[in-house]
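> Here's my sequence, what's the structure:
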Amino acid sequence: MLDLIILSIHFFICILISIAIWRGPKDVDLHSSSTETAETGPDGLVCIGKEENIKKSGRITAKINGREIVVFYHEGKFHALDSRCYHEGGPLCRGEIEDINGQACIVCPWHKFKITLETGEGLYEGINPLEPSPTPQWQSKGVKQRTHKVTIDNGNVYVCPPDLSVSFDSDYFAEKYKKGGEAAIGK
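As a prediction, this is how the structure comes out:
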């Protein structure tokens with residue numbers, strides 16, 4: 001009987017820990033020193049922070065018209081993407097950057113989907129059935145993640161607001177999180 005009680009308590013504690021991990025901290029960027037407040041600059045560009053601050057932290061999140069984006073500084077270049085993964089809305093700001101066939105990719109921390117920083121292409125490893133190669137190779141799913149143009153001027157980093165006349169898979173989660181975060185999608 002004592003074993004059953006201990007097992008039940010252990011099970012209950014595991015459930016509580018799982019819930020705490022699942023809920024996680026809200027609006028926290030583990031890799032940057034702060035989340036910048038965006039300000040509108042010349043030509044409709046939005047200033048999201050100081051160049052040196054972003055270079056030091058390697059990444060930063062900002063909101064443009066309510067839409068959360070993440071800006072990465074990697075190997076001497078700035079890249080901006082929607083902050084939420086096109087697959088299921090994972091927080092890309094918490095992902096690691098990996099080199100895949102010479103392309104810098106962000107790896108979504110939730111399901112390990114790989115997205116190129118430069119173009120927003122989703123990559124997967126697979127075998128081409130038309131080639132007799134038994135070795136899986138990296139292939140493109142096409143552009144899935146919205147990227148944003150980054151401009152540097154006088155030590156400030158500016159991002160161009162998105163052109164919503166063209167849609168991307170990541171738009172779904174960008175809008176869901178814009179309209180109420182995790183509550184909007186039932187998490």
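
> Is the residue nearest to Gly90 when sequence neighbours are not counted part of a helix or strand, or is it coil?
Counting by CB to CB, 6 or more residues apart in numbering, Trp110 is the residue found nearest to Gly90 once chain neighbours are left out, at 3.4 Å. Where C-beta positions appear, they are placed from N, C-alpha and C, glycine not excepted. Under DSSP: H, G, I helix; E, B strand; the rest coil, Trp110 falls in the coil class.

> which element follows the helix or strand of the chain with the lowest mean pLDDT toward the C-terminus?
Ranked by mean pLDDT, DSSP states H and E, the helix or strand of the chain with the weakest confidence is strand 39-40, at a mean of 66. Later in the chain than strand 39-40, the nearest helix or strand by DSSP states H and E is strand 46-50.

> which other helices and strands contact that next one?
strand 39-40, strand 59-64, strand 67-74, strand 156-159 (3 or more CB pairs under 8 Å, 6 or more residues apart in numbering; DSSP states H and E).

> which residue is nearest the centroid of this protein?
Leu92 (1.8 Å; CA atoms, centre = their mean).

> pretty sure it contacts Leu117?
No. Using CB atoms under 8 Å, Leu92 is not in contact with Leu117, being 9.8 Å away.

> Alpha carbons of stretch 134-152, as PDB, please.
What follows is stretch 134-152, C-alpha atoms only, in PDB (Å, rounded to 0.1, in the frame of the first residue of the first chain):
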ATOM      1  CA  PRO A 134      20.600   5.700 -50.200                       C
ATOM      2  CA  THR A 135      21.900   8.700 -48.300                       C
ATOM      3  CA  PRO A 136      19.400  11.300 -47.000                       C
ATOM      4  CA  GLN A 137      20.100  14.800 -48.200                       C
ATOM      5  CA  TRP A 138      18.800  18.200 -47.200                       C
ATOM      6  CA  GLN A 139      15.900  19.400 -49.400                       C
ATOM      7  CA  SER A 140      13.700  22.400 -49.400                       C
ATOM      8  CA  LYS A 141      10.000  22.600 -48.600                       C
ATOM      9  CA  GLY A 142       9.900  26.100 -50.100                       C
ATOM     10  CA  VAL A 143       9.700  29.400 -48.300                       C
ATOM     11  CA  LYS A 144       7.600  28.800 -45.200                       C
ATOM     12  CA  GLN A 145       8.700  31.500 -42.800                       C
ATOM     13  CA  ARG A 146       8.300  35.200 -43.500                       C
ATOM     14  CA  THR A 147      11.500  37.100 -43.500                       C
ATOM     15  CA  HIS A 148      11.900  40.900 -43.100                       C
ATOM     16  CA  LYS A 149      14.300  43.300 -44.700                       C
ATOM     17  CA  VAL A 150      16.900  44.700 -42.200                       C
ATOM     18  CA  THR A 151      18.600  48.000 -42.700                       C
ATOM     19  CA  ILE A 152      21.400  49.600 -40.600                       C
END
